[in-house]
Each structure stands twice: as structure tokens, then as C-alpha cells.
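K.L.:
Predicted model, plus sequence, below.
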Amino acid sequence: MSVPVQAESRDAAPHTQPTDGPAATWFIGALCAVFLLQGFALIPYVGVQNDEVLFASGIYQPVASEWTVAVRGHALPTMEMSYIGSLKTWLYAGIFKLWPPSPYSIRVPMLLLGAITIWLLFLLMRETVGMRAAVTACTLLAFDTTYLMTCCFDWGPVAIQHALLVGAILSLWRAHVSGGLLPLAAGFFLLGLGVWDKALFAWMVAGLGAAALAVFPREMLAKITPVRVAAALLAFALGAAPLIQYNAKNGLKTFRSNAHYSAEDLGSKVTILRVSLEGSSLLGYMARNEPVVVAAKPEGPLEETSVAASEALGAPRTGLLMIAAVAALALAPWLWTTPARRPMLFALIFMAVTWAQMAFVKDTGSSAHHAVLMWPFPEFFIGVVFAGASKYAGRAGLIALAAAAAVVSASSLAVTNQHLTQLIEDGPTTIWTDASAPLLTYLEEHPAKTVYVMDWGILDTLRALSRGGLPLRFGSDDVAQPEIDDGARARIARMLAEKDAIFVGHTDDNQIFPERNERMQEAADAAGYRKRVMKMIEDRNGRPIFEIYRWVRKPAGGE
């Protein structure tokens with residue numbers, strides 16, 4: 001697949017006319033299908049996580065959106081939290097009318113969006129840096145473990161962010177080529193939607209702006225006219241309108257609450273970036289790292305193949321994408337006088353600016369769902385460098401490029417399979433527990449007047465899966481602090497005395513916030529109540545995860 005490349009000029013953006021090979025197009029379609037199949041293989045082994053369905057707080061009772069607006073007498077959610085908008089809530093309000101909440105209806109739409117992003121990246125790179133780089137980057141992205149799992153289990157949330165980012169860049173590139181106002185407005189509208197969806201998208205907007213100004217200053221200045229500026233600003237404001245309205249009414253709360261400089265944990269943030277590239281960042285977070293006493297036996301061809309492959313490969317936990325990125329950095333100087341220079345520089349500046357913001361903002365950048373917001377630019381950069389270098393070796397270079405992409409992708413697939421094997425044998429961690437399904441079944445079969453949730457990681461999952469059908473209340477706020485004041489004791493006493501109320505919490509060794517069970521027990525003892533456990537809910541591996549109980553008065557004179 002040779003790619004004709006125009007000679008680079010200091011006054012023109014690098015642009016290659018796409019060689020629209022049908023074979024390459026079919027290959028990208030196949031990559032999208034493989035991406036989807038990987039996700040479908042993982043979906044049934046992981047329980048629905050609380051943050052994964054945070055958006056349902058604007059759909060089902062108890063409704064808990066941060067901000068709503070009145071529309072024809074109805075409260076329309078616009079912000080789920082001070083930094084998370086209701087775009088996903090609006091999307092799923094429609095999806096759930098056709099496909100009721102379940103692990104599949106929650107995850108398949110975001111998995112599809114991940115595949116669409118791969119396709120958008122292909123279109124973008126085919127039009128800007130050539131078919132060879134496009135195919136290479138999309139191959140790496142389709143097998144990237146971190147990208148796959150953060151899209152499929154979209155607790156970040158990040159899947160919408162990826163699609164909006166790549167879609168916006170593609171629209172803005174086409175606006176540059178054609179000079180049209182419509183693609184320009186479309187690109188800025190998508191950027192505005194991204195900022196509304198999650199305010200941290202501003203990191204990527206800043207990264208794009210810095211990269212564009214640094215790499216294409218003349219092209220940027222040449223395109224600036226009052227009409228274009230007005231169209232861009234209006235389109236962006238339209239996309240971000242709910243976030244703008246929320247902050248106008250609340251004194252810029254999004255920024256006051258979340259934008260705090262901090263250089264703490266910089267080392268751990270560097271580590272998170274590294275392990276996210278390697279694909280191992282979610283081992284121990286989603287799939288348990290510690291083996292159970294008796295591992296679940298694989299059943300069926302998929303499970304048997306996964307476990308056998310893991311054993312044959314030595315249970316690999318790191319892929320080669322990080323090494324590929326380092327190799328690309330080493331090769332980049334050799335391509336500095338070629339048309340690859342500016343695309344490489346654009347990607348590097350975007351990633352550096354984006355990561356610097358998460359590195360120096362408090363409570364950000366220390367998890368894979370933050371690091372992955374730079375994606376798919378690691379693959380973009382590797383694809384541009386590897387494709388550019390391969391052109392110097394003729395047919396042998398093309399073969400070496402294909403081999404390198406295949407080896408890196410195979411290593412990523414092996415890591416994804418390791419996640420699957422550990423999920424099969426050892427099960428998911430507490431916050432991703434598959435015990436949430438039998439918990440819901442029990443609660444629906446044993447209705448109560450009130451269900452008090454006594455730890456984090458339970459309420460949003462039950463709200464979504466029950467479609468708001470359970471009388472849920474969050475009951476652990478008053479035992480969140482070591483010292484329980486008189487007001488908290490009075491509220492706890494009312495909960496304890498409530499007739500036909502039941503309580504749901506994690507078992508002591510599975511508490512997300514340790515010691516809340518103990519504090520509640522102490523408060524109940526002081527008020528003259530004892531716990532009566534109704535049911536222990538186990539996960540697939542037989543571990544007790546949840547306990548369902550009531551509080552009953554102690555008999556007069558003691559136990």
C-alpha cells in the first residue's frame with residue numbers, strides 16, 4: 001500500500017489525497033467487528049458498576065441530577081454532577097425505552113461508539129497522513145486493552161468523549177480543506193458537546209488548540225475571519241449551552257469545585273500512564289488479582305480457550321504498546337525533515353498539554369479513565385512514525401510494518417484475554433461484582449417500604465437495573481465520620497425504627513468505605529437494636545458480597 005505524499009511546505013498543512021483502497025476499507029470494517037467481539041466476550045463476566053450507570057440518576061427514581069431545567073412542566077436534567085452533563089442521560093433515556101436496562105443494553109451502545117471512533121480515526125488519518133498510517137493506527141487501537149475496556153465498561157465516562165474528539169477533528173480538517181462554514185460549525189459544536197458531556201473534555205480542547213497554534217500557525221491565522229470566528233463560537237456555545245447555563249446560575253461551580261492545582265502523586269500518575277499503555281492498569285481494579293481458594297472451572301469453548309491461552313502464554317499482564325510508543329519516539333527525529341514532522345509534532349503537543357493538565361490538577365490523572373482521554377493519539381503518533389519509517393525500506397518496510405502492528409496487537413489481545421481469564425476463574429472485584437444481579441432478584445422478590453443502602457457502589461446499580469422500581473434511600477451518610485453527632489444519632493434512630501425497612505450493605509471485608517458497618521452497629525447498639533440478617537448474597541465464586549438485614553429491638557433486659 002504505497003501512499004503518494006505531497007512535498008511539505010512551510011505554508012501548507014501536510015495533506016495526502018486518500019488512496020481509497022477497497023481492501024483497506026474492508027480491513028478496517030473487520031477491525032471494528034473484532035473490537036466488538038472482544039467486548040461481547042467480556043460483558044457477561046462483570047457486574048454493573050455504580051459509576052457506569054451514574055447517568056440513570058436523571059432517568060429513574062430516586063432522581064438525583066445536580067441541575068434540571070423546567071420544560072413544559074417537566075424537570076429536564078442537564079447536569080448529573082458539577083462536571084458531568086446529562087448528554088448520556090438523554091441518550092439512554094431513549095435507549096432504555098426500546099431496550100430495558102441490563103449489562104448488554106448499558107454496554108453495547110458505548111462499545112459501538114468505540115468502534116465508530118475507530119472508523120472516524122481511519123477517515124481522519126486516511127485524509128491527512130495517508131492510508132498506511134491510518135491502517136496501522138486503527139489496528140493498534142482496535143486491540144488496545146485499555147481503550148476496549150474503558151469504552152465497553154464506560155464508568156469514566158470516556159466513550160462519548162473519544163467519538164466527539166475524533167469527529168470534531170475530522171470536521172475541522174474538512175473545514176480547512178473546503179473552507180466551508182458548515183463543517184467548521186459542526187466541529188466546534190462537537191467540541192462544545194464534549195465539554196458539556198464531561199468538563200474534563202476542556203483538557204482535550206486546550207490540547208488541540210495548543211497543537212494547532214504551534215504546528216499550523218500560518219494556516220490558523222489565514223482562516224481567521226469575523227464570520228468564521230462567530231460561527232465557531234456560536235456552535236461551541238450551542239453544544240456547551242447546558243454547562244454554560246449551569247455555571248452562570250451557580251457562580252462557575254464547575255471550575256470552583258474541580259480545578260485545584262496540585263503536584264501531589266505525580267509519580268503515580270506517570271505510572272498510570274505507563275500501565276494504561278501496557279494494558280494492565282485495570283487488572284486488580286476490575287478482575288481480581290488475588291486467586292480464590294478454588295477457581296471457577298471454565299465452561300464452554302470460549303472459557304476453555306481463554307484459560308488455555310493464558311496458561312500457554314504464561315498469564316501475560318503487559319502488552320507491547322508502550323514499547324511501540326518508545327520506539328516511535330526514538331524514530332521520530334529521523335523523520336523530522338519529512339512530511340511526517342508536523343503530524344508527529346501535533347500529536348506530541350496534544351498529548352503533552354492534555355496530560356500536563358491532569359498531572360497538575362488535584363484528584364485527576366490517577367486512574368486509567370483519565371489517562372485514556374488522550375487516546376487515540378498514542379496510536380495516531382505510532383502509526384505516523386512507523387508508516388513514515390517503513391517507506392524507506394520499500395516492500396521490506398511494508399512487511400516489517402505489518403509484522404510490527406501484528407505483534408503489538410497480538411500482545412494487547414493476550415492481555416485482554418488475561419483479564420477475561422481472571423474474570424472467569426477469580427471473578428470481578430467488589431465494585432464490579434456480579435452479585436448485584438442476585439441482589440436485585442432478592443430485593444424484587446421481597447418488597448420493602450424502604451431499602452436503605454449502607455455503602456457506596458450499590459444505589460446507582462440497583463436504581464438502573466430495577467428501572468427505579470425499588471424504594472431506595474442512601475443511609476450511610478450519618479456514619480461517614482468517626483464521630484456521630486446528636487443530629488446524626490436522631491436520624492439513625494428514625495431509620496432503625498422505620499417499620500418494614502430493610503438495609504443493604506457490603507459484608508465487612510468488602511466495604512468500599514471501611515468502618516461504616518461498625519459505626520452503624522455501635523449506633524444501633526446504643527439505641528437498643530440488634531441486626532437480623534435476612535440473606536447473604538454471594539458472587540459467582542461463592543464469596544459473600546452483600547448482606548440484607550433488618551434492625552430489631554433488643555428484648556427488655558438484654559439479648
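P.N.:
Nice, thanks for sending it over.
K.L.:
hang on, F503 is in a strand, isn't it?
P.N.:
Yes: with DSSP: H, G, I helix; E, B strand; the rest coil as the criterion, F503 is assigned to a strand.
K.L.:
State whether it and M454 are indeed in contact, as I suppose.
P.N.:
Yes: with contact defined as C-beta atoms under 8 Å, F503 reaches M454; the gap is 5.6 Å. Using the backbone N, CA and C atoms, a C-beta is placed for each residue, glycine as well.
K.L.:
what do these two both touch?
P.N.:
G475 (C-beta atoms under 8 Å, 6 or more residues apart in numbering).
K.L.:
the more surrounded of these two?
P.N.:
F503 (25 against 22; other C-beta atoms under 10 Å).
K.L.:
Next up, the contacts around the more buried one.
P.N.:
Applying C-beta under 8 Å, 6+ apart, we find F503 in contact with V451, Y452, M454, G475, I548, Y549, R550, W551.
K.L.:
Surely the third one and E518 touch.
P.N.:
No: at 11.6 Å, M454 does not count as touching E518 under the criterion of C-beta under 8 Å.
K.L.:
Can you give me the buried ones in the longest helix seen in the chain?
P.N.:
Identified as the longest helix of the chain according to DSSP state H is helix 394-425. Applying a neighbour-count criterion of 16 or more other C-beta atoms under 10 Å, the buried positions in helix 394-425 are 397-398, 401-402, 404-405, 408-409, 411-425.
K.L.:
and if you look at stretch 277-285?
P.N.:
L277, E278, G279, S280, S281, L282, L283.
K.L.:
In three-state terms, label the fourth one for me.
P.N.:
At S280 the chain is in coil, as set by three-state DSSP.
K.L.:
Check the gap between it and M149 for me.
P.N.:
Noted for S280: a distance of 11 Å to M149, by C-beta to C-beta, to the nearest Å.
K.L.:
How about G114?
P.N.:
Computed with C-beta to C-beta, the distance linking G114 and M149 is 10 Å.
K.L.:
Spell out which residues make up each domain of this structure.
P.N.:
The chain breaks down by automatic domain parsing into domains covering 22-425, 433-553.
K.L.:
Now for this structure, the helix or strand with the poorest mean pLDDT.
P.N.:
When each helix and strand of the chain is scored by mean pLDDT, DSSP states H and E, helix 253-258 comes last, with a mean of 79.
K.L.:
and that helix, how far out from the chain's middle?
P.N.:
21 Å (C-alpha atoms, centre = their mean, to the nearest Å).
K.L.:
Ok, stretch 221-234 next?
P.N.:
The answer for stretch 221-234 is 33 Å, by C-alpha atoms, centre = their mean.
K.L.:
And stretch 215-222, by the same measure?
P.N.:
Centre-to-centre, stretch 215-222 and its host chain are 33 Å apart (C-alpha atoms, centre = their mean).
K.L.:
Same question for stretch 460-474.
P.N.:
For stretch 460-474, the distance to the chain centre is 22 Å (C-alpha atoms, centre = their mean).
K.L.:
do stretch 307-319 as well
P.N.:
Per C-alpha atoms, centre = their mean, the centroid offset for stretch 307-319 relative to its chain is 25 Å.
K.L.:
How about residues contacting stretch 524-539?
P.N.:
With C-beta under 8 Å, 6+ apart, stretch 524-539 has contacts from 47, 427-428, 433-435, 438-439, 442, 446, 489, 492-493, 496, 502, 507, 521, 544-554, 559.
K.L.:
Just the buried ones among those residues, please.
P.N.:
Applying 16+ other C-beta under 10 Å to the contacts of stretch 524-539, the neighbour count classes 47, 427-428, 433-435, 438-439, 492-493, 496, 502, 507, 521, 545-551 as buried.
K.L.:
So which of those residues are in helices?
P.N.:
P438, L439, I492, A493, L496, Q521.
K.L.:
now the chain, which segments are flagged as low pLDDT?
P.N.:
By pLDDT under 70, the weakly predicted segments of the chain are 1-20, 258-263, 291-294, 363, 365, 556-559.
K.L.:
Strands along the stretch 51-200 of the chain, start to end?
P.N.:
Under the criterion DSSP state E, counting those that start in this stretch, the stretch 51-200 of the chain contains strands at 67-71, 74-81, 84-85.
K.L.:
hang on, the earlier thing: what helices or strands is the least confident helix or strand of the chain leaning on?
P.N.:
The helices and strands touching helix 253-258, judged by 3 or more C-beta pairs under 8 Å, 6 or more residues apart in numbering; DSSP states H and E, are helix 241-249.
K.L.:
Who are the packing partners of the helix it packs on?
P.N.:
strand 67-71, strand 74-81, helix 181-197, helix 253-258.
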